[in-house]
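Enquirer: Whatever this is, show me its structure:
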Amino acid sequence: MTEPRELRARGRNTKRRLLDAGETVLASKGYHATRVDDVVKLARTSHGTFYLYFSNKEELFRALAAEVAEEMQSLAEALEPLTDGADGRARLQSWITQFVEVYRRHGPVIRAWTEAEIGGSEFGRLGTDLLTQFTRVVIARVSEVAPPDLDPAVATLVLVAMLERLNYYALTNQVHIEPDAISETLARVTHASLFGS
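Expert: From the prediction side, this is the model:
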């Protein structure tokens, strides 16, 4: 009875090592240049072990994307009602800070699906689908407070585009900006556009 439980735990650990190695290789080589061989070497396992868990690198990437999608969806759903005033802006900034942290933690996966979107691959479409679902949840919050002359869907797309692109630029070292500056600035801009203050 103990052995199967131990084997299951070992299997989970092995799969986790492969996922972590995949994310690390993505960070250094990018989506297109990553090979199963790179992942296996970094995870210190065999090709045979890799293929016990994933049929190819795309399936590994799908598993990584699913983890990011789940975390991002939970984050979207955690967005509290938007309110006017300093407390409302502080709560929005705290939520944006969480977004920045998730983005930085899973940056290699997000960067990879951004690269894959350009090629129209299935992995790229997963990233697009995630942003669409994330945006849908945030639109509901923005709709509750948007002034009559501001389209909530467009305002949310602008917010998500700013969130995603600024974090992408920071992740890829195209701009040098501290995470706190990202959160504070995006919170101020978004809050001012919704509440005029």
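Enquirer: I'd like the next helix or strand past the one helix or strand in the chain whose mean pLDDT sits lowest.
Expert: Sorting the helices and strands of the chain by mean pLDDT, DSSP states H and E puts helix 107-119 at the bottom, at a mean of 72. Next in sequence after helix 107-119, counting helices and strands by DSSP states H and E, comes helix 122-145.
Enquirer: which other helices and strands contact that following helix?
Expert: Helices and strands touching helix 122-145, by 3 or more Cβ pairs under 8 Å, 6 or more residues apart in numbering; DSSP states H and E, are helix 57-77, helix 107-119, helix 152-171, helix 179-195. In this view, the C-beta of every residue, glycine as well, is placed from N, C-alpha and C.
Enquirer: Try it again at 7 Å.
Expert: helix 57-77, helix 107-119, helix 152-171 (3 or more Cβ pairs under 7 Å, 6 or more residues apart in numbering; DSSP states H and E).
Enquirer: for this protein, longest helix please?
Expert: helix 2-33 (DSSP state H).
Enquirer: mind listing what's buried in that helix?
Expert: 14-15, 17-19, 21-26, 31 (16 or more other Cβ atoms under 10 Å).
Enquirer: Most widely separated two among those?
Expert: Thr14 and Tyr31 (23.2 Å; Cβ to Cβ).
Enquirer: coming back round to it: please work out the average pLDDT along the longest helix of the chain.
Expert: Per-region confidence: helix 2-33 scores 82 on mean pLDDT.
Enquirer: and that helix, how far out from the chain's middle?
Expert: Relative to the centre of its chain, helix 2-33 is centred 19 Å away, using Cα atoms, centre = their mean, to the nearest Å.
Enquirer: And the next helix or strand after that helix, what does it pack against?
Expert: Using DSSP H and E, the helix or strand that follows helix 2-33 in sequence is helix 36-43. The criterion is 3+ Cβ pairs under 7 Å, 6+ apart, and the helices and strands that helix 36-43 contacts are helix 2-33, helix 47-53.
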